[in-house]
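build me a model:
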Amino acid sequence: MCPGYATVLHMEHFEATNPKSTIQIGAIGEEMARRFLAKKGFSIVESNYRKKWGEIDIIARKGSSWHFVEVKSVSCEKLPDVSSESNSYRPEENIHPKKLEKVARTAETYLLEKGIDADWQIDAIAVFLCIKDKKARCRMLENVF
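Numbering: from 1, shown residues only. Coordinates of the predicted model:
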């Protein structure tokens, strides 16, 4: 997985208190990932598409290409700077091959259901959340499967 572009976003409407669960951290991370994608020119088509065998966090389009995005989020005391990220925890390391297989199967199901015949890929977005500063850093890794 090669890192793509990264950016810092502000979390204006989120409470300054720490989220109590990984579900809350995940929900905030997914919202930041959607904002990040929109800022990069993607159109968000759907979120949290679920089937028995898998889930896709974000389905987006850019041009004629479809992007099925897995989001991994982590909260931290301060945002890592880009130069030190390689030495710190990388949330995308929790995307295992079995998970990618499930995402691919779910993506294929989505495309078949919608009658879409187009180029597609699976991407990952790592989201670092600094709740007290109300900031997030997103890093996109493209075509991870």
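
count the neighbours of residue 45 for me.
Applying other CB atoms under 10 Å, we find 15 residues neighbouring residue 45. From N, CA and C alone the C-beta is placed, and that goes for glycine too.

excluding residues flanking it in the chain, which one is nearest it?
In space, residue 45 comes closest to residue 59 once its chain neighbours are excluded; the distance is 4.6 Å by CB to CB, 6 or more residues apart in numbering.

my read: that neighbour touches residue 67, true?
Yes. In this structure, residue 59 is within contact of residue 67 by CB atoms under 8 Å, at 7.4 Å.

quick one: buried residues of the helix or strand harbouring residue 45?
For residue 45, the enclosing helix or strand under DSSP states H and E is strand 43-51. Judged by neighbour count using 16 or more other CB atoms under 10 Å, the buried positions of strand 43-51 are 44, 47, 49.

quick one: mean pLDDT over that strand.
For strand 43-51, mean pLDDT is 96.

can you list contacts of that strand?
For strand 43-51, contacts defined as CB atoms under 8 Å, 6 or more residues apart in numbering pick out 30, 34, 37-38, 55-62, 66, 106, 109-110.

with stretch 55-70 instead?
30, 33-34, 37, 40-49, 71, 95, 99-100, 102-104, 106-107, 110-111, 116, 118-125, 144.

how far off centre is the host helix or strand of the residue nearest to residue 45?
Using DSSP H and E, the element containing residue 59 is strand 54-62. Computed by CA atoms, centre = their mean, to the nearest Å, the chain-centroid distance of strand 54-62 equals 9 Å.

what does stretch 100-115 give?
The answer for stretch 100-115 is 17 Å, by CA atoms, centre = their mean.

C-alpha coordinates for it, PDB please?
Provided in PDB are the C-alpha atoms of stretch 100-115 (Å, rounded to 0.1, in the frame of the first residue of the first chain):
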ATOM      1  CA  LEU A 100     -10.300  -6.800   1.400                       C
ATOM      2  CA  GLU A 101     -11.800 -10.000  -0.100                       C
ATOM      3  CA  LYS A 102     -15.100  -9.200   1.600                       C
ATOM      4  CA  VAL A 103     -15.000  -5.600   0.400                       C
ATOM      5  CA  ALA A 104     -14.300  -6.800  -3.100                       C
ATOM      6  CA  ARG A 105     -17.200  -9.300  -3.000                       C
ATOM      7  CA  THR A 106     -19.500  -6.600  -1.700                       C
ATOM      8  CA  ALA A 107     -18.400  -4.100  -4.300                       C
ATOM      9  CA  GLU A 108     -19.100  -6.700  -7.100                       C
ATOM     10  CA  THR A 109     -22.500  -7.200  -5.600                       C
ATOM     11  CA  TYR A 110     -23.200  -3.500  -5.500                       C
ATOM     12  CA  LEU A 111     -22.200  -3.100  -9.200                       C
ATOM     13  CA  LEU A 112     -24.300  -6.000 -10.300                       C
ATOM     14  CA  GLU A 113     -27.300  -4.800  -8.300                       C
ATOM     15  CA  LYS A 114     -27.100  -1.300  -9.800                       C
ATOM     16  CA  GLY A 115     -26.300  -2.600 -13.300                       C
END
